[in-house]
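Participant: sequence and computational prediction follow.
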Amino acid sequence: MKKVLWILLGCCVLCGCSKKEQKVECPNGKINEDGFCVVIETSNPRKVCEEGYTLQEGEFCTKVETISATSTLTCPKGFVQVGSSCYSGTSSKAILSYRCPATQREYNKYIEKTPTSGFMSAKLSGSKCIYTFCEKYIDGRCVDTVKWTKKAISEPGCKEGTYKVGDVCRKKVTGSISYSCPQDYEQINTKQCRGVSKIDATIVCDSGAYNEETKMCEKVFESK
């Protein structure tokens, strides 16, 4: 007989035996949660906004923003925009202008060989400079000078009334500038726009967690 009972018990363990689940009865004010009697404490959630935003109607957050208006340059007919200026569509070649160094430091910067000390002056002659150097000093006073002729400093330039743009010269005029604001923004002055940004408020619970179904904050306490 004992042998039969052990065989039946082993069958139940290995194969599983049907078992009527015991129903848990909970007292008033408590509910059955996975076989445990628990108490759920509920509270109203709060809605808060990010820093700089203000809660509106208890649902969303707003912030007033002031931004710079977008500027648009319009050039007269026959002129094109280059950067922030208007230049003539036609151009002329830049012409080389020449000049001579005015100081020892400037001479040292442009000279092609080891600089010579004693720089006194340089006089432009066509595309060359006639340099005057002091060869001998006595008591800090130059008593002997020498003159050299070397090429001048060349710089591309433009005729009066034109400006260098890249490698060419163009006439320059003042264009008209207009200002505009993005959609949903109002222009409060020539260069500024004002608008209201709107975002959803954040739901927070002081206690427990937010339940999307009940729209409440819930904290569960196990009954003892």
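Facilitator: Perfect, I can see it now. Residues are numbered from 1 along each chain as shown.
Participant: for stretch 81-92, what does the pLDDT average out to?
Facilitator: The predicted model gives stretch 81-92 an average pLDDT of 85.
Participant: now swap in stretch 165-172 and tell me
Facilitator: 83.
Participant: how about it: buried residues?
Facilitator: Using 16 or more other Cβ atoms under 10 Å as the test for burial, stretch 165-172 gives V165, V168, C169, R170, K171, K172. For the C-beta atoms, the positions are set from N, CA and C on the backbone; glycine is no exception.
Participant: list of residues touching that stretch?
Facilitator: Contact partners of stretch 165-172, identified using Cβ atoms under 8 Å, 6 or more residues apart in numbering, comprise 79, 82, 85-88, 90-94, 156, 158-159, 161-163.
Participant: on that earlier part again, the buried residues of stretch 165-172 into a markdown table, with extra columns for distance to E212 and secondary structure?
Facilitator: Below are those laid out as a markdown table (distance: Cβ to Cβ, whole Å; DSSP: H, G, I helix; E, B strand; the rest coil):
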| residue | distance to E212 | secondary structure |
| --- | --- | --- |
| V165 | 64 | strand |
| V168 | 68 | strand |
| C169 | 71 | strand |
| R170 | 66 | strand |
| K171 | 69 | strand |
| K172 | 65 | strand |
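Participant: and the two most separated of the residues you listed?
Facilitator: V168 and K172 (12.5 Å; Cβ to Cβ).
Participant: S207 is in contact with P45, correct?
Facilitator: No. Between P45 and S207 there is no contact under Cβ atoms under 8 Å: 10.2 Å.
Participant: joint contacts of those two?
Facilitator: Jointly contacting P45 and S207 under the rule Cβ under 8 Å, 6+ apart are C217.
Participant: which one of the buried residues of stretch 165-172 is nearest K219?
Facilitator: Closest approach between the buried residues of stretch 165-172 and K219, by Cβ to Cβ: V165, at 72.4 Å.
Participant: who's that closest one bridged to?
Facilitator: V168 (DSSP bridges).
Participant: what does Y131 give?
Facilitator: In this entry, Y131 is beta-bridged to A122, W148, by DSSP bridges.
Participant: just E218 next, same as before
Facilitator: T42, A209.
Participant: equivalent analysis for I95, please.
Facilitator: G157.
Participant: that one and C169, how far apart?
Facilitator: Look at I95 and C169: by Cβ to Cβ, to the nearest Å, they are 8 Å apart.
Participant: find residues that contact each of the two.
Facilitator: Joint contacts of I95 and C169 (Cβ under 8 Å, 6+ apart) are C158, K159.
Participant: low-confidence bits of this protein, can you list those?
Facilitator: Along the chain, segments meeting pLDDT under 70 span 1-24, 29, 109-116, 222-224.
Participant: rewinding a little: P45 and S207: which has the busier surroundings?
Facilitator: Using other Cβ atoms under 10 Å as the criterion, P45 and S207 rank with P45 on top: 17 against 10.
Participant: quick one: contacts for the nearest residue to A201 once chain neighbours are set aside?
Facilitator: Excluding its sequence neighbours, the residue lying closest to A201 (Cβ to Cβ, 6 or more residues apart in numbering) is K47, at 3.9 Å. By Cβ under 8 Å, 6+ apart, the contact set of K47 is L55, G58, E59, A201, T202, I203, V204.
Participant: select from those every entry located in helices.
Facilitator: Among the contacts of K47, no residue falls in helices (DSSP state H).
Participant: I'm done for today, thanks for sticking with me.
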